[in-house]
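> sequence and predicted model, in that order:
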Amino acid sequence: MDINEVVNYISQHWSMEIKRNPRIESIVTLRKIIKIYIDIHGTLIEYPARFYIGVKRDHIIIPGVYCSCKDYVIHVMSEKKSKACIHLFAEEAAKEKNLYRTIVIDINTLYKIINEIMLFDRSPTLRRILYKKPYRK
């Protein structure tokens, strides 16, 4: 299955998946999907990946393509039992409903957050940024 098929599948089935799995709706309404803007010398650039901030683990999401969660790695990539994980459906729903939390960070902070998630499944740096007063909504 190529990437375009997966992207189309997710965009066509996210609303059905929300009804089937209420956890997806919870992810969206609690704004657990984080949209990233990189500040490069005063110019804001939207980063194509997203972060998911969970209770125990954080994940890196490339919309319609990849999620760093174990479910995606095992059931989607390895065993090919499904086409997407709940985080990919939640990201699509967040996009459609415009229910992201957004952060503005520099490139070094982005690298630090990605490394923390990949190495420790959780980013203290991302949590510090999100829980500062200006970012709380």
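Arrived safely.
> and residue 64, that one's in a strand?
No: according to DSSP: H, G, I helix; E, B strand; the rest coil, the state of residue 64 is coil, so it is not within a strand.
> and the next helix or strand past the longest helix seen in the chain?
The longest helix of the chain (DSSP state H) is helix 3-20. Next helix or strand after helix 3-20 toward the C-terminus (DSSP states H and E): helix 22-29.
> please enumerate the strands of this structure.
33-40, 43-53, 58-62, 66-67, 101-105 (DSSP state E).
> any chance of the ones you listed in TSV, plus mean pLDDT, distance to residue 95 and mean neighbour count?
Yep, even glycine has a C-beta here, placed from its N, CA and C like the rest. Shown next, in TSV, are those (pLDDT from 0 to 100; distance: least, C-beta to C-beta, whole Å; neighbours: other C-beta atoms under 10 Å):
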stretch	mean pLDDT	distance to residue 95	mean neighbour count
strand 33-40	97	8	17
strand 43-53	98	9	16
strand 58-62	98	11	21
strand 66-67	96	14	22
strand 101-105	96	12	17
